[in-house]
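Trainee: show me how the following folds:
(3 chains)
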Amino acid sequence: MEQLYQLLHGWFANAPDAVLRTVAIVVPILLIITVFPGVFAYITLIERKALGRIQNRIGPNRVGPWGILQPIADGLKLLTKEDIVPRRADKFVHFLAPVIAVVPAIVLFAVLPVGPGLVPVDLPIGILFAFAVSTASVLALFMGGWASRNKFSLLGAMRAVAQVVSYEVPMVLAAVAVVMAAGTLSTVGIMHKQAGGFLNIAHWYIFQPWGFVGFVLFVIGAMAESARTPFDIPEAESEIIAGYHTEYSGFKFALFQMGEYLASMAMAGITVTMFLGGYNGPGVGWKYIGPLIGVGYFFAKLLSIIFVIIWIRGTWPRIRVDQLMAFAWKVLLPMSILNIVAVAIAHYMESKFWAWIVTAVLLFVAAVILSKIGSPQNVERRTYRYAA
Amino acid sequence: MGLLGKGLFAGMAVTARNFIGSYFDGGRKERLFTYQYPEEKMPLPENSRTFPFLVCDDEQDPVGTMRCVACKICETECPPQCIYIVMDRDEKGKPQQRPKVFDIDISVCMQCQICVEVCPFDAIKMDCDYEKSQHGRFDELVEHLPDLLKSNAYYNRIKPTEASAVDARLKAAQEKKAKKAVPAAKAEGPAPAAS
Amino acid sequence: MNAAFWILAVITLMGALLAISLRNLVHCVLSLILFFLGVAGNYFLLRADFLGAVQILIYIGAVAVLILFAIMLTRNVTGTEGPRDMFGLGWWAGLITAALVAVAVWITLRSAPEAGVTSAGQAVGSVEAIGRELLTQWVVPLEVLGVLLTAALIGAVVIALEEVRRRR
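Mentor: Down below sits the predicted model:
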């Protein structure tokens, strides 16, 4: 946005400042609002087709060639459905819940550096802002479950909130490790620290042991935040009716889904920025096509992470609620704290090679020990009172 | 997590194999066994059956060569009583060995094949056509005689082994009848010629 | 910036007033969340961006969620009674407290220099400065806070364990 303002100032030097500023603000907003929900719509199509291929069937292919018009058909269908509000539900809260589900997800895109100089807002506290905003979407779960005036929705909402809040902690701590290594909270700064090296790839944080562990922790946390399988207890089809969005029909339901997918896309974008080097890659510094190549790399990495998330959805079974909480608090949280210790060790050791080896060994041993502790292998035999 | 995550990644390898294999399936329907319905239909096994049809020996003259003689055994034996037969009578009221009306109500028919089993003339056989939906529930689901008549060639096409067995049996019965007729003709033959 | 300040002030005050006067408790909490958002906006206006982000993260993400949990697990949320006694004791208590707060603010504003509020905010409120101060000058309060939070966590776990043991 700053760069756009400078560019406009260079072109129209004698235009009033307020107009230039307004245009420089409105254009990125329009771009975000049109590009990312469009990408979301086609990611739903990609998800259905990829899940279909994984399950030995073709995904939707009747609506357009290769089902290209399917998201449009889905959107139209949901728009024309009747909007049912339960009679004694809290109308205001019922109306507001999908809005609060979607707005933080869209706001998160404001700090993602999509290309060289193409970040809508370069906040000095970018990562903190991202986490603060994603925490605000917890409220939508609550409000959705409460406003439906349905015991099962409320139960589903409570479980959803417990899950989201528990997985936020290791996720944020994994991000803290990256922030410690980069020395700045700004997304653009973290990404710049990963530039340079062989083909602009060698300094990505994922190649460091603490970066790899952080990446795994962050992706697990991101999947749990947006309630995707294997953590989709709140919204799975065979769970308590449908959890917090049971009583929503029509476009409000579509908004909940959109909020979930946009949140997972935004979290994937932040993963790309923090661990995979953002838009860095070979050839980004070239003169005129550098920015385009950068945008291409960013979206390629984003789509590959989203594809891995879809792949995981098609493969792994759902985790039970108590196993989920045990995993978050007993395995992921100590692992993320040890990750921070590993970053500190790697920062203060002089030889980078030995730092790599030492932190890798430390994290591997910790992972093995934690997985043995965290997985209950001594489940006692059940005793039945009436059966033989 | 090194040993604990092995099952997770084995699972992901299986789905990856499924995913990539589904693009290179080449019509073998191993990794992508979707039949894109109106364009491709799943090949049915030979014994599959839906509703009955009447066999006629020649496609050009279905009413003249149909095997059914309106004996009404299938109408009597049908458990839900979905067959309705009226025998054809000519102008003087003499019964022809042919049905004038042969209706099967396929919303009632339970595909038990009893009519096929009891028919002494191999006239009614089971079809395997399943695309029979209509726009109404009552009169539109009753099949009448012109629609029920299908040729023996069609029967051979849908059920080769069964049809060839039926054809062999019918031909053997016909040859036995011809052989029985020939000695009778031979018995009377020479006498008129001699006298 | 004046316009931004006035808008944020209106939002904040409206949130606070609605939070104390609405009938439905859940609506009260939602307007309290609006109030927190207004306060965070004020922090951003004063260039204390770390504090503003942490305000959203902690107050809206944790404290408001806690309050919502507490409200939803009690009955009688959609209270049919409104503000009960209009000129009763509570009203007088609130009025006197507001008067005391106003006097305190007026004395502070009259005696403190007004110029240095926004210009020095750049260096003071930034994350590095806060971090450095926390770990050099204010290390002892930081560690004490850590011990306090650990004690609170252990206390919560003990209470929960006791419930489980009692129920079993």
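Trainee: was I right to think residue C:38 contacts residue C:15?
Mentor: Yes. Counting by Cβ atoms under 8 Å, residue C:38 touches residue C:15, with 5.7 Å between them. Every residue, glycine included, has its C-beta placed from N, CA and C.
Trainee: tell me which parts of the stretch 201-350 of chain A are close to chain C?
Mentor: If contact is defined as Cβ under 8 Å from any Cβ of the partner chain, none of the residues of the stretch 201-350 of chain A are in contact with chain C.
Trainee: contacts only, for the residue of chain C found nearest chain A.
Mentor: When distances are taken as Cβ to the nearest Cβ, chain C reaches nearest to chain A at residue C:61, 3.1 Å away. By Cβ atoms under 8 Å, 6 or more residues apart in numbering or on different chains, the residues touching residue C:61 are A:132, A:135-136, A:138, A:168.
Trainee: what about 10 Å?
Mentor: Residues near residue C:61 by Cβ atoms under 10 Å, 6 or more residues apart in numbering or on different chains: A:131-139, A:164-165, A:168, C:36, C:54-55.
Trainee: which among the residues you listed are in contact with chain B?
Mentor: Residues shared between the contacts of residue C:61 and the neighbourhood of chain B: none [Cβ under 10 Å from any Cβ of the partner chain].
Trainee: check which helices and strands the lengthiest helix in chain C is in contact with.
Mentor: When every helix of chain C is counted residue by residue (DSSP state H), the longest turns out to be helix C:139-167. Judged by 3 or more Cβ pairs under 10 Å, 6 or more residues apart in numbering or on different chains; DSSP states H and E, helix C:139-167 is in contact with helix C:127-136.
Trainee: quick one, the helix it packs on and helix C:139-167 angle?
Mentor: 80 degrees (axes from the mean of the first three to the mean of the last three Cα atoms, to 10 degrees).
Trainee: related to what we said a few turns ago, the longest helix of chain C - what's its average pLDDT?
Mentor: For helix C:139-167, the mean per-residue pLDDT is 87.
Trainee: which bits of the stretch 201-350 of chain A sit near chain B?
Mentor: Those residues of the stretch 201-350 of chain A that sit near chain B, judged by Cβ under 10 Å from any Cβ, are A:213, A:216, A:230, A:307-308, A:311-317, A:331, A:335.
Trainee: dump the residue contacts of residue A:179.
Mentor: For residue A:179, the contact set (Cβ under 10 Å, 6+ apart) comprises A:126-128, A:172, A:185-186, A:189-190, A:274, A:340, A:343, C:127.
Trainee: show me which of these is closest to residue C:105.
Mentor: For the contacts of residue A:179, the minimum distance to residue C:105 (Cβ to Cβ) is 28.4 Å, reached by residue C:127.
Trainee: that closest one against residue A:129, yeah?
Mentor: No. With contact taken as Cβ atoms under 10 Å, residue C:127 and residue A:129 are classed as non-touching, separated by 11.5 Å.
Trainee: these two: who's more crowded?
Mentor: Under the neighbour definition other Cβ atoms under 10 Å in any protein chain shown, residue C:127 and residue A:129 were set side by side, and residue A:129 has more, 24 against 19.
Trainee: perfect, I'm done here.
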